[in-house]
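Trainee: got a structure for you, letters missing:
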């Protein structure tokens, strides 16, 4: 008896989902225009290279810091 009730609820749920899916109509979307994005490629490359130089120098400085002798106790942070 309870099996039929569960089956009926499941069938009803599937029917509701199917009907709503079939009746769904998306709202009209506004027309999208494709526009060119202007940017200075050379300036972008230069800025990226400068960023890499800063990153590289910071990384090398940290590497050199950890290679140094840290005194009598020989403590290292990491």
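Mentor: Thanks, I have the structure now. Because the structure is a prediction, the values reported are computed rather than measured. Residues are numbered from 1 along each chain as shown.
Trainee: the bottom helix or strand of this structure by mean pLDDT?
Mentor: helix 41-67 (a mean of 73; mean pLDDT, DSSP states H and E).
Trainee: residue 42: neighbour count?
Mentor: 8 (other CB atoms under 10 Å). Glycine gets a C-beta too; all of them are placed from N, C-alpha and C.
Trainee: oh, that last question was meant for residue 13, not what I typed.
Mentor: 10.
Trainee: give me the phi and psi angles of it.
Mentor: Backbone dihedrals for residue 13, given as degrees, to the nearest 10, come out at phi -60, psi -50.
Trainee: that one and residue 1, how far apart?
Mentor: Residue 13 is 19 Å from residue 1, where distance means CB to CB, to the nearest Å.
Trainee: what do you get for residue 46?
Mentor: 78 Å.
Trainee: more neighbours: those two, which one.
Mentor: Legend: neighbour count by other CB under 10 Å for residue 46 and residue 1, higher for residue 46 (11 against 4).
Trainee: for residue 27, see how far away that one is.
Mentor: For residue 46, the distance to residue 27 - CB to CB - is 45 Å.
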